[in-house]
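Participant: Below: sequence and its predicted model.
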Amino acid sequence: MEHSNAPAVTAAHATVDGSRERLRLLEDIAGQLLQRARAAGASQAEVACSEDRGLNVNVRMGDVETVEATHDRGVSVTVYFGQRKGSASTADLRESSLEATVAQAVAIARHTEEDAAAGLADAERMADGSGDFDGWHPWDIDADAAIDLALACEQAGRDFDPRVENADGTQVATGRSLGVYANSHGFLGSERHTRHSISCALIAGRGADMQRDGWYSLALEAGALEPAQQVGRKAAERTLARLSPRSVATGPLPVLFSADVARSLIGHFLSAISGGALYRRASFLLDSVGQPLFPPWMRIDELPHLMRGLRSAAFDAEGVATREAPLVVDGILQRYVLGSYSARKLGLASTGNAGGVHNLQVAGNGIDQSGLLLELGDGLLVTELMGQGVNPVTGDYSRGAAGFLVEGGRISHPVDGITIAGNLRRMFSGIRAIGDDVDPRSHIACGSILVDGMTVAGE
């Protein structure tokens, strides 16, 4: 009999959801700190308050390794005297500590150099409200139930095949986060989010033939997680598929990045068009707005207001209203990713991305996994990347990889001990197809990506 992935919550152990009361407390603290900053003579000020609670259990080979309950909170105050800036933070909510935190921020601001780009985001860019994107789904699971779930997940993986003889850890985690941001423009916004996960890593084979792989499920609501046993079995399937790997001959090959690693390519793109890299002139995509970077059929949209989106938000880390806007249309870069500081350094306007992007949607070609393999023909399917061999200034790309050799559109055998190399600008323009096999476990919704013209270094 399979265990449910979300144990029922009974009246005996259900907890009262006091999140709204906690948010009101954090909002009151933010207001008090802004008043203290004004009283100290600050021309502008901003306050960020957060509170995080979580439970994390780890098991291995049928034994409990760790049980960790967390309760963290923090308050950050930033004050401006003209264009002199000072920041200080504390986790202590007592009056004396809050007063000392403001005083410390003020003292720092009085001794810093002026920065022409410093200051709050423009007042007219502030969001109208906080918004509710259905991201709050607490999981009232206790430590014992979480341990049972983790053990059931691992056991399903170990029972899947006798060649799975070891485990590298299985985890069940749940977390809930509250956040408040306020500034002297009069903006006050609050957010609350939950996130839950089940993960399992297994080992198959012995000695030099051992292989490790795993699987995980992540969701805002526990009921949306994959069943624990299914996570364990997927971990076993992926681990077994890697047994008896070979290398490949060095040479040029098309490479298909599976969906769960393909989003790293989009991550490199985002880093290159982010304000910090641009104003420091440390990006291979300087002055690229309006230029074709991808194939003419490709589109990337930012959708910050998705219901149950993993990074949905009505405002960014500076209170600026978020908005749906494309990053790439017809393969052409439409804009950068900017907060107020980097925008001022570049002589541009904030794009509502202080703190990063929200939900991205990378449009595919409507091709499923088997269709992508046929399109690949003879090439390499990459399911794991290793190392950090990416030069952000030149775009040169070289990373260790593992996966499968594909011959005639069919998976032939596993490969590892190889390196794939290219240049990101050429890789972007060389994208041949994007699948519809979107991995839902990230705020970057992207299917597998097929790239032509890479160099694979093996034997």
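Facilitator: That came through, no problem.
Participant: residue boundaries of the helices in the stretch 151-300 of the chain?
Facilitator: 228-241, 259-272, 275-279 (DSSP state H, counting those that start in this stretch).
Participant: quick one: buried residues of stretch 68-88?
Facilitator: Buried positions in stretch 68-88, judged by neighbour count with 16 or more other Cβ atoms under 10 Å: 73, 75-81, 83-88. Placement of C-beta: from N, CA and C, glycine included.
Participant: my read: residue 367 touches residue 436, true?
Facilitator: Yes - using Cβ atoms under 8 Å, residue 367 is in contact with residue 436, at 6.4 Å.
Participant: higher neighbour count, the two?
Facilitator: Between residue 367 and residue 436, counted using other Cβ atoms under 10 Å, the more crowded position is residue 367 (19 against 16).
Participant: contacting residues for the residue nearest to the more buried one when sequence neighbours are not counted?
Facilitator: With Cβ to Cβ, 6 or more residues apart in numbering as the criterion, residue 367 has its nearest non-adjacent residue at 5.2 Å, and that residue is residue 435. Residues in contact with residue 435, defined by Cβ atoms under 8 Å, 6 or more residues apart in numbering, are 259, 364, 365, 367, 368, 369, 371, 372, 447, 448, 449, 450.
Participant: before we move on, what about residue 439?
Facilitator: For residue 439, the contact set (Cβ under 8 Å, 6+ apart) comprises 259, 260, 263, 445, 446, 447.
Participant: quick one, which of the helices of the stretch 151-300 of the chain is nearest to residue 134?
Facilitator: helix 259-272 (23.1 Å; Cβ to Cβ).
Participant: What is the nearest of the contacts of residue 439 to residue 146?
Facilitator: Among those, and counting by Cβ to Cβ, the member closest to residue 146 is residue 260, at 24.3 Å.
Participant: List the contacts of the closest one.
Facilitator: Applying Cβ under 8 Å, 6+ apart, the residues near residue 260 are 383, 439, 441.
Participant: distance of the residue nearest to residue 367 from residue 446?
Facilitator: 9 Å (Cβ to Cβ, to the nearest Å).
Participant: shared neighbours, these two?
Facilitator: residue 259.
Participant: before we move on, back to that, if you look at the contacts of residue 435, which of them are in strands?
Facilitator: Among the contacts of residue 435, the residues falling in strands (DSSP state E) are 449, 450.
Participant: contacting residues around stretch 106-117?
Facilitator: By Cβ under 8 Å, 6+ apart, stretch 106-117 touches 37, 40-42, 79-88, 341, 344-345.
Participant: now could you export just the CA positions of stretch 127-135 as CSV?
Facilitator: Extracted in CSV, the C-alpha atoms of stretch 127-135 (Å, rounded to 0.1, in the frame of the first residue of the first chain):
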residue,chain,number,x,y,z
ALA,A,127,3.2,49.2,-7.1
ASP,A,128,-0.4,49.8,-6.1
GLY,A,129,-0.7,46.8,-3.8
SER,A,130,0.7,43.4,-2.8
GLY,A,131,-1.3,41.1,-4.9
ASP,A,132,-2.3,37.5,-4.2
PHE,A,133,-1.1,34.8,-6.6
ASP,A,134,-2.2,31.7,-4.6
GLY,A,135,1.3,31.0,-3.3
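Participant: Could you check how far residue 453 is from residue 365?
Facilitator: Counting by Cβ to Cβ - residue 453 and residue 365 are separated by 18 Å.
Participant: What of residue 343?
Facilitator: 34 Å.
Participant: Give me the more crowded residue out of these two.
Facilitator: Counted by other Cβ under 10 Å, residue 343 and residue 365 do not tie: residue 343 has more neighbours, with 23 against 18.
Participant: ok, residue 316 touching residue 340?
Facilitator: No - shown here, residue 316 and residue 340 do not form a contact pair, counting by Cβ under 8 Å, at 9.2 Å.
Participant: neighbouring contacts of the helix ranked longest in the chain?
Facilitator: The residue-count maximum for a helix in the chain (DSSP state H) belongs to helix 19-39. Applying Cβ under 8 Å, 6+ apart, the contact partners of helix 19-39 are 45, 47-51, 75, 77, 79, 93, 98-99, 101-102, 105-106, 136, 138, 176, 178-184, 188, 190, 192.
Participant: could you point out which element follows that helix?
Facilitator: strand 44-60 (DSSP states H and E).
Participant: Tell me what angle that following strand forms with helix 19-39.
Facilitator: The directions of strand 44-60 and helix 19-39 differ by 140 degrees, with axes from the mean of the first three to the mean of the last three Cα atoms, to 10 degrees as the criterion.
Participant: Can you name the secondary structure element that comes next after strand 44-60?
Facilitator: With DSSP H and E, the next secondary element past strand 44-60 is strand 63-81.
Participant: quick one on the thing from earlier: make CSV from the helices of the stretch 151-300 of the chain and add distance to residue 198 and mean pLDDT to it.
Facilitator: Output for these, formatted as CSV (distance: least, Cβ to Cβ, whole Å; pLDDT from 0 to 100):
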stretch, distance to residue 198, mean pLDDT
helix 228-241, 5, 98
helix 259-272, 16, 97
helix 275-279, 34, 97
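Participant: looking at those, which is buried most?
Facilitator: helix 228-241 (a mean of 23; mean count of other Cβ atoms under 10 Å).
Participant: and the contacts of residue 439 as JSON lines, adding distance to residue 253?
Facilitator: Formatted as JSON lines, these follow (distance: Cβ to Cβ, whole Å):
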{"residue": "259", "distance to residue 253": "19"}
{"residue": "260", "distance to residue 253": "20"}
{"residue": "263", "distance to residue 253": "21"}
{"residue": "445", "distance to residue 253": "27"}
{"residue": "446", "distance to residue 253": "21"}
{"residue": "447", "distance to residue 253": "20"}
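Participant: Most widely separated two among those?
Facilitator: 260 and 445, at 12.1 Å, using Cβ to Cβ across those.
Participant: so where's the stretch 101-250 of the chain shaky on pLDDT?
Facilitator: Under the criterion pLDDT under 70, no range of the stretch 101-250 of the chain is flagged.
Participant: how about 80 then?
Facilitator: Residues of the stretch 101-250 of the chain meeting the criterion pLDDT under 80: 129.
Participant: Just the CA coordinates for stretch 434-447, please, in CSV.
Facilitator: Presented in CSV, the C-alpha positions along stretch 434-447 are these (Å, rounded to 0.1, in the frame of the first residue of the first chain):
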residue,chain,number,x,y,z
ILE,A,434,13.1,23.7,-28.0
GLY,A,435,10.8,20.9,-26.7
ASP,A,436,7.5,21.0,-25.0
ASP,A,437,8.8,18.8,-22.2
VAL,A,438,8.8,21.7,-19.7
ASP,A,439,10.3,21.0,-16.3
PRO,A,440,7.9,22.6,-13.8
ARG,A,441,10.4,22.7,-10.9
SER,A,442,11.8,26.1,-11.7
HIS,A,443,10.6,29.7,-12.3
ILE,A,444,12.2,29.3,-15.7
ALA,A,445,9.7,27.2,-17.7
CYS,A,446,11.8,25.7,-20.5
GLY,A,447,11.8,22.4,-22.4
